[in-house]
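Peer 1: Please work out how this folds:
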Amino acid sequence: MNTHNRTPSTLLQETAMSAIVQISFEHNWSEEQLHQSAREFAQNVKPTIQGLVWKIFVKDAGASRSSGIYLFDSLESATDYVNGERVQGMKCSPDLSNLTVSVSETMVEESILAGAPL
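Peer 2: Residues are numbered from 1 along each chain as shown. Alright, predicted model coming up:
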């Protein structure tokens, strides 16, 4: 969402029910495989996920641990994603271990005040 020309009250109405999903895992991928997977998601998978606004890719420097932080337009969309085929496949992947998934409602007004890209 482009937030530059919206007032805080308009932003609050537009994102009132948004949710954050955080998925973290350890992997056995090379650095190049990690980046390729992220590019594939951004270019081809993201457009197919209902309600996904954006995703931030995070990697732990020096460790084989990565995370994704996702903003969904609703708690329902976030829940559907974590219960869906893609996340269930991640849970069964032999390339991933110690996978954790959390879904949280956003504190929209406070986040907007703090400059969050909602």
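Peer 1: ok, residues contacting stretch 55-67?
Peer 2: For stretch 55-67, the external contacting residues (Cβ atoms under 8 Å, 6 or more residues apart in numbering) are 22-29, 34, 38, 41-42, 46, 68-71. Just so you know, the C-beta spots here come from the backbone N, C-alpha and C atoms, and that holds for glycine as well.
Peer 1: which of those residues are buried?
Peer 2: Neighbour counting with 16 or more other Cβ atoms under 10 Å marks 23, 24, 25, 27, 68, 70, 71 as buried within these.
Peer 1: Is it correct that the fourth one is in contact with residue 94?
Peer 2: Going back to what we said before, that points to residue 27. No: judged on Cβ atoms under 8 Å, residue 27 makes no contact with residue 94 at a distance of 10.4 Å.
Peer 1: show me where this protein has helices.
Peer 2: Using DSSP state H, the helices of the chain run over 8-14, 31-40, 75-82, 85-92, 108-113.
Peer 1: among those, which is the most enclosed?
Peer 2: Mean neighbour count, computed with mean count of other Cβ atoms under 10 Å, is highest for helix 75-82 among the helices of the chain, reaching a mean of 18.
Peer 1: And the most centrally placed residue in the chain, how far from residue 33?
Peer 2: Of all residues in the chain, the one closest to the mean position by Cα atoms, centre = their mean is residue 70, 1.5 Å from it. Using Cβ to Cβ, to the nearest Å, we find residue 70 at a distance of 21 Å from residue 33.
Peer 1: Give me the subset of the buried ones among the contacts of stretch 55-67 lying in strands.
Peer 2: With strands taken from DSSP state E, the overlap with the buried ones among the contacts of stretch 55-67 comprises 23, 24, 25, 27, 68, 70, 71.
Peer 1: List just the nearest of those residues to residue 54.
Peer 2: Nearest to residue 54 among these, counting by Cβ to Cβ, is residue 71 at 5.2 Å.
Peer 1: which of the ones in strands among the buried ones among the contacts of stretch 55-67 sit farthest apart?
Peer 2: Between any two of those, the greatest separation by Cβ to Cβ is 22.8 Å, found for 27 and 71.
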